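# Give me a model of this one.
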Amino acid sequence: MQTGESSPSIVSLPDSKTWMSDPEFYASADVHSAWFTVRNEHSGYLESFSSAGGRYHSFYGYAECNTILRDDELFTSRYGTIIESIDYPDTARDITMTVSDGEIHDNHRGPANRCLSKTSIQRQADTIRSEVRKIVAEIPEGDDIDLCEYTKGLPMALFGPLLPVERDQWTELSDLVFMSILPDDPGFANGLRPEIARRVAHAGIFASLSDAVDVQRRHPGPGVLGEYLSASDIEAHGDPVESILANSYSLLMGAHATTNQVANHLVDRFIDRTDLLGAVSGGAVTLPSLINEAVRWVTPTNHLLRRAVCDTELGGVPVGEGEWVVAWVGSANRDESVVSEPYRFDPLRRGKHLGFGIGSHYCIGSHIAAFGLAYFFELLLQEFDLGPSSTESEHVRSNWINGYSRLPLQARRKRRADG
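Next up, the predicted model:
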């Protein structure tokens, strides 16, 4: 969807109560104006329905979204985390960190977190930089360079060595993960219907990850898979191999939903804001601060789903036990009641946001994502003069991912004085 800095306006919302679930809406409509209208004309709440008729509560304000994501004793993730889970139940309940809570969630998260902590990422900094440099080195010069063709390699550049997965499987595995999280977009679904695309993608992903586990067993080494294979607490919750595969997939899914799209949106924003380029180049803005604001401003995942554990009330709305609730985090991060000038990209901005989530399910890969994105952007600015292309960009068809499927731009390599 379009993520510009222009102020939104009150608009007429679609009559259907299913528009929030429609992937096409996010590829073509003025989404931020729609969200602005809900927050200001409907008290930040709408009764909603999935494409198959499943009812859920949509919340668009920061306070309500914060509560939904933070309070896992009141709103559980065990039944799924995206709207599609209402119609296609998530079968990984309690066997992966994504769809578990409490002690079970902590046990699943622990082994991966040992490889993804800030300290661990610092130890792996040279490897991360090396992989990111390879991506930037592949970007050619031209007037119609599709940045998406190159940023799509960022997730595996960061997580491929970390798992690890053999390099010759990176491209195929990445394509399958994109198919899994973007099954409604023809550019990623490979001509398949969404439900079929999901099944095909999952089968291929788990086959590839199974091969990686087998390699790790034969040749033990550092990485996420090694941590899981040596973790005794993971065996307490079902088949340990099934859990290892599911948790590894969760990491890949999160990486492919965030890193490349934050990079795409950030570059697109800098093409229009030469003042930002000067601020970063001159040192007035640090790269960590820039990336933090980019994650808020982009909010690469539009929504997150939870289910009420008991009867409760949220924002004055009664929510019954077992009912679905959706936190529209893309809207929450633009909530004027808590964010000053929310539509302005301000890399000096302070304050929390929900771009990486909050609470126990806060994005486990946030450190490596921020580090990799900062280095990618630093290299890009060092190597290229960038400008807008005359070709239109294209946005993905997805109610979950806020991203581009094509982002054309002009790219010219900078000529050094000694060259």
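
# can we go C-alpha only for contacts and neighbour counts from here?
OK.

# quick one: the strands in the stretch 101-250 of the chain?
142-146 (DSSP state E, counting those that start in this stretch).

# ranges for the helices of it?
102-116, 118-123, 125-138, 148-151, 154-159, 170-181, 186-189, 194-218, 224-229, 240-272 (DSSP state H, counting those that start in this stretch).

# Out of the ones you listed, the one nearest residue 87 is which?
When those are compared by C-alpha to C-alpha, helix 194-218 sits nearest residue 87, at 10.4 Å.

# helices and strands around the closest one, which ones?
helix 170-181, helix 224-229, helix 240-272 (3 or more C-alpha pairs under 8 Å, 6 or more residues apart in numbering; DSSP states H and E).

# quick one: low-confidence parts of the stretch 251-400 of the chain?
Counting by pLDDT under 70, the stretch 251-400 of the chain has no low-confidence residues at all.

# Quick one: the strands in it, in order.
304-308, 312-314, 317-319, 324-327, 384-388, 394-395.

# just to revisit the earlier point, in TSV, list the helices and strands packed on helix 194-218 along with mean neighbour count and distance to residue 56.
Compiled in TSV, the helices and strands packed on helix 194-218 are given as follows (neighbours: other C-alpha atoms under 10 Å; distance: least, C-alpha to C-alpha, whole Å):
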stretch	mean neighbour count	distance to residue 56
helix 170-181	21	21
helix 224-229	23	35
helix 240-272	21	23
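
# about what we covered before: which one of the helices of the stretch 101-250 of the chain lies nearest to residue 380?
helix 125-138 (6.6 Å).

# Now do the closest one against strand 384-388: the angle between them, please.
60 degrees (axes from the mean of the first three to the mean of the last three C-alpha atoms, to 10 degrees).

# Could you give the average pLDDT over helix 125-138?
Helix 125-138 carries an average pLDDT of 97.

# same question, stretch 98-110
Mean predicted confidence for stretch 98-110 is 95.

# just stretch 171-180 next, same as before
98.

# picking up where we left off before, dump the helices of the stretch 101-250 of the chain into a markdown table; add distance to residue 10 as well.
Listed next are the helices of the stretch 101-250 of the chain as a markdown table, based on distance: least, C-alpha to C-alpha, whole Å:
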| stretch | distance to residue 10 |
| --- | --- |
| helix 102-116 | 40 |
| helix 118-123 | 42 |
| helix 125-138 | 41 |
| helix 148-151 | 32 |
| helix 154-159 | 37 |
| helix 170-181 | 31 |
| helix 186-189 | 31 |
| helix 194-218 | 33 |
| helix 224-229 | 47 |
| helix 240-272 | 24 |
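
# quick one on the thing from earlier: how about TSV for the helices and strands packed on helix 194-218, with distance to residue 366 added?
Listed next are the helices and strands packed on helix 194-218 as TSV, based on distance: least, C-alpha to C-alpha, whole Å:
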stretch	distance to residue 366
helix 170-181	19
helix 224-229	15
helix 240-272	9
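
# right, so of those helices, which gets closest to residue 27?
helix 240-272 (14.0 Å).

# now the closest one against helix 102-116, angle please.
60 degrees.

# what's the nearest residue to residue 73 if we skip its chain neighbours?
Leaving out its chain neighbours, the residue that sits closest to residue 73 by C-alpha to C-alpha, 6 or more residues apart in numbering is residue 309, at 7.1 Å.

# Ok, which of the helices of the stretch 101-250 of the chain comes nearest residue 374?
Taking the helices of the stretch 101-250 of the chain one by one with C-alpha to C-alpha, helix 240-272 is closest: 9.1 Å.

# What is the burial count for the residue lying closest to residue 116 once chain neighbours are set aside?
Leaving aside its sequence neighbours, residue 116 sits nearest to residue 365 (C-alpha to C-alpha, 6+ apart; 6.2 Å). Residue 365 has 24 neighbours, counted by other C-alpha atoms under 10 Å.

# how much space between residue 214 and residue 136?
32 Å (C-alpha to C-alpha, to the nearest Å).

# Just want to know which of these two has more residues nearby.
Taking neighbours as other C-alpha under 10 Å, residue 214 and residue 136 compare with residue 136 leading, 18 against 12.

# Confirm that residue 79 lies within a helix, as I assumed.
No: Residue 79: not assigned to a helix; according to DSSP: H, G, I helix; E, B strand; the rest coil it is coil.

# Isn't it up against residue 88?
No: contact criterion C-alpha atoms under 8 Å: residue 79 and residue 88 do not qualify, at 10.1 Å.
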